[in-house]
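Participant: model this:
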Amino acid sequence: MSTRRDHPLLEAIGLTVLFFGLVAVAPGALFTFAFEHLLRIQLDLGQRWTWAIASSVVAACVMSLRSRRGSDGLARYVLIASVASAVVLVARFGTHARWASEMLREYVP
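Facilitator: The predicted structure is shown next:
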């Protein structure tokens, strides 16, 4: 007997939140990936995610605080995050770039 209930609306909301969350972290993930490879250091999965989230939050806060209106800075951050996500996805699935495959593989448990 299954106790799981199907809630397609809740699943759609959850996937949407997950998508926007991953887009928001994309600049930090790119920065962390580049930092790790340029300095030739090894981070574990938890460290990668921690640095990706932390650097994304710092970037969003700095951009919001440096603009005349905080919402303008946040809008710029969302634009940058969307572009970063698109670049990684196109590089991975459109051109099969090796760096994009490595990056995505490093962030998946």
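
Participant: for the strand or helix carrying Val17, packing partners?
Facilitator: Assessed by DSSP states H and E, Val17 sits inside helix 8-38. Judged by 3 or more Cβ pairs under 8 Å, 6 or more residues apart in numbering; DSSP states H and E, helix 8-38 is in contact with helix 45-66, helix 70-89, helix 98-107. Heads up, the C-betas are built off the backbone N, CA and C, glycines and all.

Participant: Kindly reformat those as JSON lines containing mean neighbour count, distance to His37 and mean pLDDT.
Facilitator: As requested, the helices and strands packed on helix 8-38 are exported to JSON lines (neighbours: other Cβ atoms under 10 Å; distance: least, Cβ to Cβ, whole Å; pLDDT from 0 to 100):
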{"stretch": "helix 45-66", "mean neighbour count": "15", "distance to His37": "12", "mean pLDDT": "88"}
{"stretch": "helix 70-89", "mean neighbour count": "16", "distance to His37": "14", "mean pLDDT": "85"}
{"stretch": "helix 98-107", "mean neighbour count": "14", "distance to His37": "8", "mean pLDDT": "85"}
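
Participant: Make TSV out of the ones you listed and add distance to Ala12.
Facilitator: Formatted as TSV, the helices and strands packed on helix 8-38 follow (distance: least, Cβ to Cβ, whole Å):
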stretch	distance to Ala12
helix 45-66	24
helix 70-89	19
helix 98-107	23
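
Participant: Tell me which of those helices sits nearest to Pro27.
Facilitator: helix 70-89 (4.8 Å; Cβ to Cβ).

Participant: next one: that closest one to chain centre, how far?
Facilitator: 10 Å (Cα atoms, centre = their mean, to the nearest Å).

Participant: With stretch 96-109 instead?
Facilitator: 13 Å.

Participant: can you list the residues that contact it?
Facilitator: 29-30, 33, 45, 48-49, 52, 88, 91-92 (Cβ atoms under 8 Å, 6 or more residues apart in numbering).

Participant: Could you single out the nearest of these to Leu10?
Facilitator: Nearest to Leu10 among those, with distances taken as Cβ to Cβ, is Trp49, at 24.5 Å.
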